[in-house]
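Novice: return a 3D structure for these sequence lines:
(one chain, ligands or ions: 1)
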Amino acid sequence: MILNQISDALQEGNSGEVSRLVKSAIESGMPAKDILNDGLIDGMGKIGVKFKCNEVYVPEVLMAARAMKAGLEILKPHLAKAGIKPRGTVILGTVRGDLHDIGKNLVGMMLQGSGFAVTDLGNDVPPEKFVQAAKDSGAQIVGLSALLTTTMPNMKEVVAKFVESGIRSKVKILVGGAPLTAEYAREIGADGYAPDAAQAAELASTFVPKVA
Ligand code: B1M
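Specialist: Residues are numbered from 1 along each chain as shown. Below you'll find the predicted structure:
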């Protein structure tokens, strides 16, 4: 069936084939929501599981993400026409003082693959910028990345800024990065910790219900 073919082509990172199959599914009258959920998101979810089990590595995930993007480009106008909104919005960034962004970018791709709209603030992001972006967008989730033991404490500052601004209860704060632990996440008052990109997307999905 074409949705399985889309999922398989995405897992193979075959952007051309994903584009062709998505076009063909649309032409056959298949609902855009089904193509999104049971084709593209299904494929990205499966890549996430393989990544978690070390069956595939960063390059394969990047290729899959590129294929996802190619499929979404074609699907987007049809999703908009059908009134389908993203599952939720995530504000994502690497905290102040930290320039590492490869892992954070992967997290962003997996989140998009799970149906989230992602506003990526980049790296070296000051705490107030996270708060402002969350206020402006009404985001449900804020994702923080840190790769240095010296920048980990800056995550705590972000949490404090959200408390200070009065919107802490409106967002779930998700943290990750190689030196972090679940215990540290709890200590700084974050809502969740994920050790890798796939688990970040899984956790975010538990925070916000499925694509309507
Ligand atoms: Co830097 N660096 N680096 N570095 N660098 C590390 C992190 C380091 C471990 C290397 C080492 O010493 N062995 C070390 C940190 C030591 C420590 O504090 N524990 C280190 C250091 C010391 C430094 C500098 C201080 C070096 C110097 O200048 N003396 C300097 C700091 C600059 C700064 O940030 N202010 C520096 C600079 C750099 C480069 C700029 C050269 C470059 C970054 C380029 C870039 O990102 N655009 C770089 C790189 C590439 C690395 C290593 C080699 C690779 C990091 C990486 O991209 N991994 C790294 C050593 C290593 O990890 N082997 C190292 C691949 C990526 C897919 O994994 O980022 O862990 P990762 O992301 C994972 C998970 O952590 C998780 O999911 C991702 C995917 O599964 N995750 C999240 C990440 N964010 C998440 C957020 C979530 C959830 C999960 O929720 C929101």
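Novice: drop to CA atoms for contacts and neighbour counts, all remaining ones
Specialist: Fine.
Novice: tell me the residues of this protein that contact the ligand?
Specialist: Residues of the chain lying close to the ligand by CA under 6 Å from any ligand atom are 97-104, 106, 143-145, 147-150, 174-179, 194-197, 200.
Novice: one more pass at 5 Å, please.
Specialist: Residues of the chain lying near the ligand by CA under 5 Å from any ligand atom: 98-104, 143-145, 147-149, 175-178, 194, 196-197, 200.
Novice: among the residues you listed, which are in strands?
Specialist: 143-145, 175-176 (DSSP state E).
Novice: quick one on the thing from earlier: now list the buried members of the residues of the chain next to the ligand.
Specialist: 98-101, 103-104, 143-145, 147-148, 175-177, 194, 196-197, 200 (16 or more other CA atoms under 10 Å).
Novice: pull out the buried residues from the lengthiest helix in the chain.
Specialist: Using DSSP state H, we find that the single longest helix of the chain is helix 58-81. Neighbour-count burial for helix 58-81 flags 60-72, 74-75, 78-79 (criterion: 16+ other CA under 10 Å).
Novice: would you mind pulling up the elements that that helix packs against?
Specialist: When contacts are defined as 3 or more CA pairs under 8 Å, 6 or more residues apart in numbering; DSSP states H and E, helix 58-81 packs onto helix 2-11, helix 15-27, helix 32-34, helix 42-52, helix 102-113.
Novice: those helices into CSV, with extra columns for mean pLDDT and distance to S169?
Specialist: Putting the helices and strands packed on helix 58-81 into CSV (pLDDT from 0 to 100; distance: least, CA to CA, whole Å) gives the following:
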stretch, mean pLDDT, distance to S169
helix 2-11, 97, 36
helix 15-27, 98, 39
helix 32-34, 87, 30
helix 42-52, 89, 29
helix 102-113, 86, 21
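Novice: closest one to V90 among those?
Specialist: helix 102-113 (8.2 Å; CA to CA).
Novice: could you list every helix and strand in contact with that closest one?
Specialist: Partner elements for helix 102-113 (3+ CA pairs under 8 Å, 6+ apart): helix 42-52, helix 58-81, strand 89-94, strand 117-120, helix 197-207.
Novice: ok, residues contacting the shortest one?
Specialist: In other words, strand 117-120. With CA atoms under 8 Å, 6 or more residues apart in numbering as the contact definition, strand 117-120 has outside contacts at 86-93, 108, 111-112.
Novice: likewise for the first one?
Specialist: Taking CA under 8 Å, 6+ apart as the criterion, the residues outside helix 42-52 that touch it are 6-8, 10-11, 56-58, 61, 64-65, 68, 110, 113-114, 196-199.
Novice: for this structure, which spans come out with low pLDDT?
Specialist: For the chain, the stretches with pLDDT under 70 are 209-212.
Novice: nearest residue to the middle of it?
Specialist: Compute the mean C-alpha point of the chain, and by CA atoms, centre = their mean the closest residue is L111, 1.6 Å away.
Novice: my read: that one touches Q199, true?
Specialist: No: under the criterion of CA atoms under 8 Å, L111 makes no contact with Q199, lying 9.8 Å away.
Novice: residue furthest from the geometric center of this structure?
Specialist: S28 (29.4 Å).
Novice: any idea how far the ligand is from that one?
Specialist: In this view, S28 and the ligand are 36 Å apart by CA to the nearest ligand atom, to the nearest Å.
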